[in-house]
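A.B. asks: structure of the sequence below:
(4 chains)
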Number of protein chains: 4
Amino acid sequence: MRERPFRIAVCGAGRPPEALLAVASEVGRRIAEAGAVLLCGGLGGVMEAAARGADSAGGLTIGFLPGSSAADANPYIRIPLPTGLGEARNVLVVRTADAAIAIGGEWGTLSEVAFARKVGVPVVLLEPGRFAELGLEIADTAEEAVRLALHHARRERMR
Amino acid sequence: MRERPFRIAVCGAGRPPEALLAVASEVGRRIAEAGAVLLCGGLGGVMEAAARGADSAGGLTIGFLPGSSAADANPYIRIPLPTGLGEARNVLVVRTADAAIAIGGEWGTLSEVAFARKVGVPVVLLEPGRFAELGLEIADTAEEAVRLALHHARRERMR
Amino acid sequence: MRERPFRIAVCGAGRPPEALLAVASEVGRRIAEAGAVLLCGGLGGVMEAAARGADSAGGLTIGFLPGSSAADANPYIRIPLPTGLGEARNVLVVRTADAAIAIGGEWGTLSEVAFARKVGVPVVLLEPGRFAELGLEIADTAEEAVRLALHHARRERMR
Amino acid sequence: MRERPFRIAVCGAGRPPEALLAVASEVGRRIAEAGAVLLCGGLGGVMEAAARGADSAGGLTIGFLPGSSAADANPYIRIPLPTGLGEARNVLVVRTADAAIAIGGEWGTLSEVAFARKVGVPVVLLEPGRFAELGLEIADTAEEAVRLALHHARRERMR
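C.D. replies: I've put the predicted structure just below:
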């Protein structure tokens, strides 16, 4: 069996502060450049920026959509997965990943971060805003976030 | 149609600090005394203490279990719901409630709190530990937590 | 611990042939008269008729709703559970029951029947229409369906 | 946006009659040769044979696993998705596909077939055994099954 690519989840809001989009896109691009697959919620904002970055670097992008139509996915999602599970699809995004990167400080993002911690999926924060004091690992740059996430993913696989 | 009873979720760890158990039990008792139904994750710790309190006051207790056997439920759960969904059942506990009370500061609890906020279910914290700085409503006592949760539940119904 | 009441799921279409409604209502009534709790999908048609029957006999009715608003429940549901999971909530209706009764021959109902069989929840059919040849147990009357379902539920508990 | 590849689900038992494995493998191969992505439950039997066929032809294979460890996936799954949802993950396999092919006649397979019909995902049966009389479309060969599934998938996209 060829080695499977790492699956890195990127979590973040559909309507984030503008400044997070460039960061998200760089995160996506670096995930793809490392040969990893991007998992996300498939919609706009951080999800779209990350998918755009990954797609631009030739990476595979998978989007777990809340609704039941693949047409809801942003244009950079190569494999839309219309789950029909509503917001509960959030837990799938992180649960199915080797590691997760959470960008920004919205409640939906925090629910994914906390769920990741609960089920043992490593998670790295970027620009965590009001969530900076939760005692989680925080990266300073997109490059560092992706490097740390891949490091954790690699270690999990070796267990 | 008779008015439906309020459904109040109580979230908290299976192995919490000892001191939280008395608080959880009082929360459960007060929920039942107000004529509301207790929803929880159905297992031990905070979930069991809250269910014990509610059951002792003659209240109805419903437990969303992660596994597929009703026998996993604590003895004070009157209606066990063995979902078979694993930890993802957490989102059901809060999603299906009129309002939620989160006791203590564990990651599983925070995932429910953040999910509640994301989907618009009102949530009140008790003894939030490291989650005290998240900007959420914090009650000082079990009595206050239940009073606030019922207040929010009532307001949601009137919308 | 007092003995928990049996949880009997009733599955059936939201827009069934008119003739099934009286049968569904009698099934609900008999479930309640036996002291069991009715689980269903919470909406109209068979679900509503069964809940009406159970409610008229003073029974407890629980409805797993596909959407996220409790207001979607039919008026005879005492405990609405707005799961937000869409049609996937079907699997919860049967998974969380001690036994299930499926009324009528629609695809949604069959998905619940087959899932019940897959996960080992006993299921009894009533008026199965085109599903009569699947080799499943078929009851001739509402009375027989409830009697068989309770028999299976009792046997499962004794395992 | 480049056109997205079709996503074809293959459903079937983990321990099917031996004779179905060659059929499943051919189905998987033909899906890959058509440039489509294979979705399945990620475990053994029909799922593994189909994934082996697709992988041998250079196709992308995605497996929705019931458990929470990617290591449960069969060796031909390129992207394992450990959902942690137990058997409920069945509904995701078909819900997220453009069309589904069901091979064999087990209850788990039927639950996916019936759910697909319920939510409007086109489904084609191969070797349906006792499910032959349900009025669903039945293909005589692997070639025909894949051709029909792709035909339906194409038509759905054009809606």
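
A.B. asks: okay, CA-based contacts and neighbour counts for the rest of this
C.D. replies: Noted.

A.B. asks: low-scoring stretches of chain A, by residue?
C.D. replies: For chain A, the stretches with pLDDT under 70 are A:1.

A.B. asks: again, only using 80
C.D. replies: Along chain A, segments meeting pLDDT under 80 span A:1-2, A:159.

A.B. asks: for it, longest helix please?
C.D. replies: Longest helix in chain A by number of residues, with DSSP state H as the criterion: helix A:142-158.

A.B. asks: so which elements touch it?
C.D. replies: With contacts defined as 3 or more Cα pairs under 8 Å, 6 or more residues apart in numbering or on different chains; DSSP states H and E, helix A:142-158 has these neighbours: helix A:19-33, strand A:99-103, strand A:123-126, strand A:138-139.

A.B. asks: and the spatially closest residue to residue A:4 that is not a sequence neighbour, how far from chain B?
C.D. replies: Distances taken as Cα to Cα, 6 or more residues apart in numbering or on different chains place residue D:78 nearest to residue A:4, at 5.9 Å, with adjacent residues excluded. Shown here: residue D:78 relative to chain B, a distance of 24 Å by Cα to the nearest Cα, to the nearest Å.

A.B. asks: how close does residue D:78 get to residue D:60?
C.D. replies: 7 Å (Cα to Cα, to the nearest Å).

A.B. asks: near chain B, which residues of chain A?
C.D. replies: Residues of chain A that fall close to chain B, judged by Cα under 8 Å from any Cα of the partner chain: A:87-88, A:91, A:107-108, A:110-115, A:117-119, A:130-131, A:134.

A.B. asks: among those residues, name the buried ones.
C.D. replies: Taking 16 or more other Cα atoms under 10 Å in any protein chain shown as the criterion, what is buried in the residues of chain A next to chain B is A:87-88, A:91, A:107-108, A:110-115, A:117-119, A:131.

A.B. asks: is the residue positioned nearest the centre of chain A in a helix, a strand, or coil?
C.D. replies: In chain A, the C-alpha nearest the mean C-alpha coordinate belongs to residue A:10, at 0.9 Å (Cα atoms, centre = their mean). Under the three-state scheme (DSSP: H, G, I helix; E, B strand; the rest coil), residue A:10 adopts strand.

A.B. asks: get me the contact residues on chain A for chain D.
C.D. replies: So chain A meets chain D at A:1, A:4-5, A:7, A:68, A:75-76, A:78-84, A:92, A:95-97 (Cα under 8 Å from any Cα).

A.B. asks: out of the residues you listed, list just those in helices.
C.D. replies: In helices, defined here by DSSP H, the members of those are A:92, A:95.

A.B. asks: before we move on, the earlier item: of the residues of chain A next to chain B, which belong to helices?
C.D. replies: Per DSSP H, the subset of the residues of chain A next to chain B in helices is A:91, A:107, A:108, A:110, A:111, A:112, A:113, A:114, A:115, A:117, A:118, A:119.

A.B. asks: contacting residues around the residue nearest to the first one when sequence neighbours are not counted?
C.D. replies: With sequence-adjacent residues excluded and distances taken as Cα to Cα, 6+ apart, residue A:91 is closest to residue A:112, at 6.2 Å. Residue A:112 is in contact with A:11, A:90, A:91, A:93, A:94, B:111, counting by Cα atoms under 8 Å, 6 or more residues apart in numbering or on different chains.

A.B. asks: now do residue A:22
C.D. replies: Residue A:22 neighbours (Cα under 8 Å, 6+ apart): residue A:49.

A.B. asks: apply 6 Å and report the result again.
C.D. replies: Listed by Cα atoms under 6 Å, 6 or more residues apart in numbering or on different chains, residue A:22 has no contact partners.

A.B. asks: ok, it to chain D distance?
C.D. replies: Residue A:22 sits 20 Å away from chain D, going by Cα to the nearest Cα.

A.B. asks: and for the spatially closest residue to residue A:65 that is not a sequence neighbour, the neighbour number?
C.D. replies: Sequence neighbours aside, residue A:82 is the residue nearest to residue A:65 in space, at 4.6 Å (criterion: Cα to Cα, 6+ apart). Neighbours of residue A:82 under the rule other Cα atoms under 10 Å in any protein chain shown: 27.

A.B. asks: cool, the one 10 residues further on as well?
C.D. replies: Neighbour count of residue A:92, defined by other Cα under 10 Å: 26.

A.B. asks: just residue A:102 next, same as before
C.D. replies: Neighbour count for residue A:102, taken as other Cα under 10 Å: 26.

A.B. asks: residue A:18 now?
C.D. replies: Look at residue A:18: counted by other Cα under 10 Å, it has 10 neighbours.

A.B. asks: distance of the residue in chain A positioned nearest to chain C from residue D:95?
C.D. replies: Nearest residue of chain A to chain C, counting by Cα to the nearest Cα: residue A:85, 4.2 Å away. Per Cα to Cα, residue A:85 is found 10 Å from residue D:95.

A.B. asks: who's more crowded, those two?
C.D. replies: Neighbour count, other Cα under 10 Å: between residue A:85 and residue D:95, residue D:95 has more, with 29 against 25.

A.B. asks: so what's the more buried one up against?
C.D. replies: Contacts of residue D:95 by Cα under 6 Å, 6+ apart: none found.

A.B. asks: can you rerun that using 10 Å?
C.D. replies: A:68-69, A:81-85, C:87-88, D:9, D:89, D:112, D:115-121 (Cα atoms under 10 Å, 6 or more residues apart in numbering or on different chains).

A.B. asks: how close does residue A:103 sit to residue A:93?
C.D. replies: Going from residue A:103 to residue A:93 by Cα to Cα gives 14 Å.
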